[in-house]
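Trainee: Give the three-dimensional model of this entry:
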Amino acid sequence: MAVVESVLARVPQPLRAVLVKHRELLKFAVVGGTTFLVDNSIWYLLKLTVLQDKPTTAKAIAIIVATIVSYVLNREWSFRTRGGRERHHEAALFFVISGVAVVVNLIPLWASRYVFDLERPHVSLFVQETADFISGSVIGMLLAMVFRFWGFRKWVFPDELGHRRREEELVDVPRQ
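Mentor: Residues are numbered from 1 along each chain as shown. Next up is the predicted model:
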């Protein structure tokens with residue numbers, strides 16, 4: 001039994017029906033949570049060491065690494081029954097959508113630091129770090145997540161291609 005099915009088996013029936021109906025969104029959210037941890041771990045590692053004076057650059061590097069992890073997890077798990085394009089075409093579309101999402105993600109952090117001057121010496125270190133986290137890891141990531149989910153479903157892993165792929169899988173599976 002797959003992990004998702006074993007978790008769903010423990011959920012009460014009314015909620016289980018909703019979760020099954022929105023399974024793809026749920027899987028996307030799990031991948032997002034995983035990449036959130038990857039992103040923030042790398043961001044803070046870079047920001048507190050070699051890129052202390054360049055928080056936006058550190059965040060961009062962290063987002064790029066997390067995006068690579070996201071492609072693999074989304075391709076092989078969240079949207080595995082969708083798509084159907086050649087791998088290089090699908091990957092190119094994934095990274096274009098993700099590239100736009102990087103910009104969407106960075107705008108709140110950039111505004112926090114350089115428009116609202118929420119950086120030292122104008123504010124305390126605590127206020128700076130809190131503003132960085134809220135703008136870069138909460139607001140920016142939420143905006144980018146909404147954009148990515150929409151873009152991935154619409155262009156990278158469209159369902160009309162997935163129907164063909166699922167039908168091919170059914171033909172390949174021997175009947176018992």
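Trainee: can I get the CA coordinates of stretch 87-98 in CSV?
Mentor: C-alpha atoms of stretch 87-98 as CSV (Å, rounded to 0.1, in the frame of the first residue of the first chain):
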residue,chain,number,x,y,z
ARG,A,87,11.0,14.9,-21.0
HIS,A,88,13.2,17.8,-22.2
HIS,A,89,10.2,19.8,-23.4
GLU,A,90,8.4,19.2,-20.1
ALA,A,91,11.5,20.2,-18.1
ALA,A,92,12.0,23.3,-20.1
LEU,A,93,8.4,24.4,-19.5
PHE,A,94,8.8,23.5,-15.8
PHE,A,95,11.9,25.7,-15.4
VAL,A,96,10.4,28.6,-17.3
ILE,A,97,7.3,28.6,-15.1
SER,A,98,9.6,28.2,-12.1
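Trainee: Touching that stretch from outside, list them.
Mentor: 67, 70-71, 74-75, 83, 85, 147-148, 151-152, 155-157 (CB atoms under 8 Å, 6 or more residues apart in numbering). Where you see a C-beta, it was placed from the backbone N, CA and C, and this is true even at glycine.
Trainee: If we use 7 Å, what do you get?
Mentor: 67, 71, 83, 148, 151, 152, 155, 156 (CB atoms under 7 Å, 6 or more residues apart in numbering).
Trainee: try stretch 47-60
Mentor: 43, 46, 102, 106, 109, 110, 113, 132, 136.
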